[in-house]
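Engineer: Here is my input; please provide its structure:
(3 chains)
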Amino acid sequence: MSAQLATARERLLAGGRARTLGGFGIAAVLLFGVAPAALSDFRLNLLAKFLCLAMVAVGIGLAWGRGGMLTLGQGVYFGLGGYLMAMHLKLADAGPGGVPDFMLLYGDGTVPGWWEPFRSPVVTILAIVVVPVLVATGLGWAVFSRRVRGAYFAILSQALAAAFAILLIGQQKVTGGTNGLNGFRSFFGFDLADPVNKRMLFFIAAGTLLVMVAVVRRLMVSRFGELLVAVRDQENRVRFLGYDPAKVKVVAYAVAAAFAGIGGALFVPIVGIISPADVGVVPSIAFLVGVAIGGRATLLGPVLGAIAVSWAQTSLSESFPSMWIYFQGALFILVVAFLPGGLASLGAVWRRRRAGAEESGPATPPEPTPPDPTPPDDAVPAAPGDATTAPATSDSSAATAGRLP
Amino acid sequence: MDALFSQLFAGLSLGSVLLLAALGLALTFGQMGVINMAHGELMMAGAYTAYVVQGVVGDAGVSLLVSLVIGFLVGGLIGLLLEVTLLSRMHRRPLDTLLVTWGVALVLQQLARDVFGAPNVDVRAPQWLSGAVQVFGIGMPKTRLFILLVAIVCVTALALVLRLTPLGRQIRATVQNRDLAETTGISTRATDRLTFFIGSGVAGVAGVTLTLLGSIGPTLGTAYIVDAFLVVVAGGIGQLKGTVIAAFALGLLQASIEYSTTTSIAKVLVFVAIVAFLQARPQGLVAMRTRSLA
Amino acid sequence: MTDTDTTEPEGTDQRFRHDYLEVRGLRVEFDGFVAVGGVDLTVTPGDLRFLIGPNGAGKTTIVDALTGLAPATGSAQFGGVELVGNKVHRIARSGVGRTFQTASVFDELTVLQNLDIAAGSRRGPGTLQRKRSGTPPAVEEALETIGLAGARDRLAGVLAHGQKQWLEIGMLLVQDARLLLLDEPVAGMSHAEREETGQLLRRIGAERTVVVVEHDMEFLRSFASSVTVLHQGRVLSEGSVAHVQADPRVVEVYLGSGSRGRAVGAGTGS
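Structural biologist: Numbering: from 1, shown residues only, chains lettered A, B, ... in the order given. Reported below is the predicted structural model:
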């Protein structure tokens, strides 16, 4: 069994490069050729919005699937990127020295000092990446270096999302409050009402997403990627090898934050609004749905999962709003409880079923099991095929699958 | 002086609500490692129980007292169902329980929306809880004092159960070493179920008391869940003492910052304070020491 | 104190000159409970030192204290670096490596990847973000030493129990650990595996400082070059295997405490 597994891995790894290039080629054709030709302007814009959400998912796949950091606060970074972009668009619409319309409505009609730098497109674009990275590095360092992890980290990241949304709502004069920022007319000088420019935004989003996937793939196959998995599974062991796991985790978390920030920034001109409803606790967890369903530890699972879930939400919730919520809840429960590797692991699970239930492959119960006395040479570690270890098994095969495009 | 006392009272009052919301979590998260995101919805179920009971009983005073009992049972039974059907399969994957229970929370919210309607509903407070008690020149609403009382009763009862009963000993043994507890003949499955029943029941009670503070709706629980988890994290796992101190500390902190700034600024500052506090004590206020690596 | 994690080890003679472990007055307390109460210990390179003692004697706690896992007072120096109060990863970089009672390898990575990670704590960001190309010589050497060269591309999770323990030892080798602290390395191993592990320890112990925490008396008699007996957080006896076995206090502790079965079994087995 294990020998078969090893050879299978080798074969897949050897074919990895060609398959990756092929995969990227197909994705590029679909996004740049088929989609614009087949979809109406409205649908294309909708797809562009999904691509922005998928950018967040790619980052979550890295931080959570590969790094084990369950981040429930990606809405914060999405929101930071989105609001920074929205501030620039509002200022640009208002013209040089002008005041955004909502400030005249709610405030005293003056632009606060900290808004001023974002009149510059360069400062804005830089800030969209730098600000989320700085916040993520600060929080990540404070938390990880003190070995706060697992559920504690998840809860803290969620609390950050809650605090951020409340802060945005509370500061209506400078953030637009519950309504958020909306009504943008132009994007870096291009008229947003023009369908050609909307189409261009789709291409920008598609290109950005492909670059992100390429970056994550590179990170996954690099030594850093191996180290990240090692930190996820045995953080203390890594520490005893002379590494500082906090640094490894912060890097992955900061990359995820940067991706979320960029996704948020592109979301703004495409959708035309950013509000606290896009960044709080609920949307932050909703980002995870697609990732979990697609396959958290794989490269493409999070992307495809996020797009599929967003698409299902849009089409189902239009006609049956109540059914959609039941459906979403049920899907989430079923996939996480019974198929933790996500849909990407379905193939592996099926193959294993066929190979025989007693040989469950590299089962890895997260908690150390007492050593098995004198196992024979090629023994597979005891993996009774009961309900508690089976999900862990599919988890590990998902990690293996993650090496592939 | 008045300002100080009114802040103090506001803090204690907020703290008692936080404590009621966090108490059940301290049991299920602290003792079992299950991150139950549907805990807020169990509170919501308790609140709607109070609404239904009042519709049946009529008298606000009687219905409140009856609701406290039935709310406990309703919350507890939903929690028990959750543990038996889903969570018992996921002991070794605590982070995944968070996601699964979030799915459950979504379903429960929508269920409430479909059954009771999306708009908020009101539960009348009994006559004997209207008005305020004057102490040191400030008015303390009787409803707030009642919630404080309920919180104290719940903590005391839970502490007694944990300390004095066989169940309490089993719970503590299971928390400290699940495998060892099993080998000494404790049924950890049964212990888990009872723990979850009690923890969820307390959430139901918390929900019933929340009807005294305002109208209730399907998303009632989401307002409390994040703060409740923060209380448990700051308090540390394994002992109720930490949860109690953390709840009142956070309540007082929030109230005093709110007094000089705004609610939204206060939320952010409290969050920063908790992260700073975890720098000093990553395990929370009261840490349980074990030799295990993890 | 911190210069060890920036400078690479210089010449071979230079780096082995001070490579002995010197522990003075090591104390570890947990909430008033004294787990280790003032232990002195000196272990030199080439020595294969076994730490034994009844349960609760403080063996694992000493290893924890030396590797920064348990808070301790007193002093413990290795190669001139103070270990007490130092950070875990800095201690590791100063050449101190350890294994755990339950083999902790990275189950979802291959044997090669496990070793490669162990070899890389000094890698910069440039190397880290690149894919591994080829096998580092130290890793190749370790694969041969621990006898897992044929299993290099296998996932560590599917290895047999003994192989996992060897992989852990291999990770210490490529980590360039010069003080090896092994916590029950042969627990749960078959007789043949024990024998191989003992030979392996002899090979690698020739030029390193090795401390083994072990319960298995037969294994101890076959491979220990010196023994330290701990009891209730203190050193009870120290010396060669024969010396320790003849020490009446050791006999009393082993027969007097609850470990009768083990001690008797150890006394009769050969």
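Engineer: Show me what the residue of the stretch 151-270 of chain C found nearest chain B bridges to in the sheet.
Structural biologist: Using CB to the nearest CB, the closest approach of the stretch 151-270 of chain C to chain B is made by residue C:183 at 10.9 Å. (C-beta placed from N, C-alpha, C; glycine too.) Note on residue C:183: beta-bridge partners residue C:213, judged by DSSP bridges.
Engineer: For stretch B:246-265, buried residues please.
Structural biologist: B:246-258, B:264-265 (16 or more other CB atoms under 10 Å in any protein chain shown).
Engineer: Now the closest residue to chain B within the stretch 151-300 of chain A: closest residue in space that isn't a chain neighbour?
Structural biologist: Nearest to chain B in the stretch 151-300 of chain A, going by CB to the nearest CB, is residue A:170, at a distance of 2.6 Å. Spatially, and ignoring its direct neighbours in sequence, residue A:170 is nearest to residue B:264 (2.6 Å; CB to CB, 6 or more residues apart in numbering or on different chains).
Engineer: secondary structure element for that neighbour?
Structural biologist: Element membership for residue B:264, per DSSP states H and E: helix B:263-280.
Engineer: quick one: the strands in the stretch 151-270 of chain C?
Structural biologist: With DSSP state E, counting those that start in this stretch as the criterion, the stretch 151-270 of chain C has strands at C:179-183, C:209-213, C:226-231, C:234-239.
Engineer: could you dump those strands to CSV with mean pLDDT and mean neighbour count?
Structural biologist: Formatted as CSV, the strands of the stretch 151-270 of chain C follow (pLDDT from 0 to 100; neighbours: other CB atoms under 10 Å in any protein chain shown):
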stretch, mean pLDDT, mean neighbour count
strand C:179-183, 92, 24
strand C:209-213, 92, 25
strand C:226-231, 91, 22
strand C:234-239, 90, 18
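Engineer: Any chance of a markdown table for those strands, columns distance to residue A:256?
Structural biologist: Below are those laid out as a markdown table (distance: least, CB to CB, whole Å):
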| stretch | distance to residue A:256 |
| --- | --- |
| strand C:179-183 | 36 |
| strand C:209-213 | 40 |
| strand C:226-231 | 47 |
| strand C:234-239 | 50 |
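Engineer: what distance separates the host helix or strand of residue A:204 from the middle of the whole chain?
Structural biologist: In the assignment (DSSP H and E), residue A:204 maps to helix A:195-221. On the basis of CA atoms, centre = their mean, to the nearest Å, helix A:195-221 sits 14 Å off its chain's mean C-alpha point.
Engineer: as a whole number, average confidence for it?
Structural biologist: Mean per-residue pLDDT for helix A:195-221: 94.
Engineer: any residue of that helix up close to chain C?
Structural biologist: Yes - applying CB under 8 Å from any CB of the partner chain, one finds helix A:195-221 in contact with chain C at A:218-219, A:221.
Engineer: low-confidence ranges in the stretch 101-250 of chain A?
Structural biologist: Nowhere does the stretch 101-250 of chain A drop to pLDDT under 70.
Engineer: at 80 what do you get?
Structural biologist: Applying pLDDT under 80 to the stretch 101-250 of chain A flags residues A:107, A:148-150.
Engineer: Equivalent analysis for chain C, please.
Structural biologist: C:1-19, C:31-32, C:102-103, C:126, C:253-270.
Engineer: Show the contacting residues for the residue nearest the centre of it.
Structural biologist: The structure's chain C has its C-alpha centroid closest to residue C:181; by CA atoms, centre = their mean the separation is 1.6 Å. Residues in contact with residue C:181 (CB atoms under 8 Å, 6 or more residues apart in numbering or on different chains) are C:63, C:66-67, C:96-99, C:211, C:213.
Engineer: can you pick the most crowded of the residues you listed?
Structural biologist: Within these, most neighbours by other CB atoms under 10 Å in any protein chain shown means residue C:96, with 30 neighbours.
Engineer: thought that residue was touching residue C:83?
Structural biologist: Yes - the pair residue C:96 / residue C:83 is scored as a contact, 6.6 Å apart, by CB atoms under 8 Å.
Engineer: Need the overlap of contacts for these two.
Structural biologist: In contact with both residue C:96 and residue C:83: C:66-67, using CB under 8 Å, 6+ apart.
Engineer: Find the nearest non-adjacent residue to residue C:42, please.
Structural biologist: With CB to CB, 6+ apart, the residue lying closest to residue C:42 is residue C:22, at 5.4 Å.
Engineer: which SSE is the one you found in?
Structural biologist: Going by DSSP H and E, residue C:22 is part of strand C:21-30.
Engineer: Over in the stretch 1-150 of chain B, which residue gets nearest chain C? Let me know.
Structural biologist: For the stretch 1-150 of chain B, CB to the nearest CB, closest residue to chain C: residue B:92, 13.8 Å.
Engineer: so is that residue in a helix, a strand, or just coil?
Structural biologist: Residue B:92 falls in the coil class when you classify it by DSSP: H, G, I helix; E, B strand; the rest coil.
Engineer: can you check residue A:108 too?
Structural biologist: Applying three-state DSSP: residue A:108 is coil.
Engineer: List the beta-bridge partners for the residue in chain C that chain B sits nearest to.
Structural biologist: Proximity of chain C to chain B (CB to the nearest CB) peaks at residue C:30, 6.0 Å away. With DSSP bridges applied, residue C:30 shows beta-bridge pairing to residue C:33.
Engineer: now the helices for the stretch 251-400 of chain A?
Structural biologist: A:281-294, A:301-319, A:321-338, A:346-355, A:389-401 (DSSP state H, counting those that start in this stretch).
Engineer: Can you tell me what sits against the longest one?
Structural biologist: In this case it means helix A:301-319. Against helix A:301-319 from outside (CB under 8 Å, 6+ apart): A:46-47, A:49-51, A:53-54, A:56-58, A:60-61, A:65, A:209, A:213, A:287, A:289-296, A:323-324, A:327-328, A:342-344, A:398.
Engineer: how about the residues of the stretch 101-250 of chain B near chain A?
Structural biologist: Of all the residues in the stretch 101-250 of chain B, those lying near chain A are B:102-107, B:109-110, B:113-114, B:222, B:226-227, B:229-230, B:232-233, going by CB under 8 Å from any CB.
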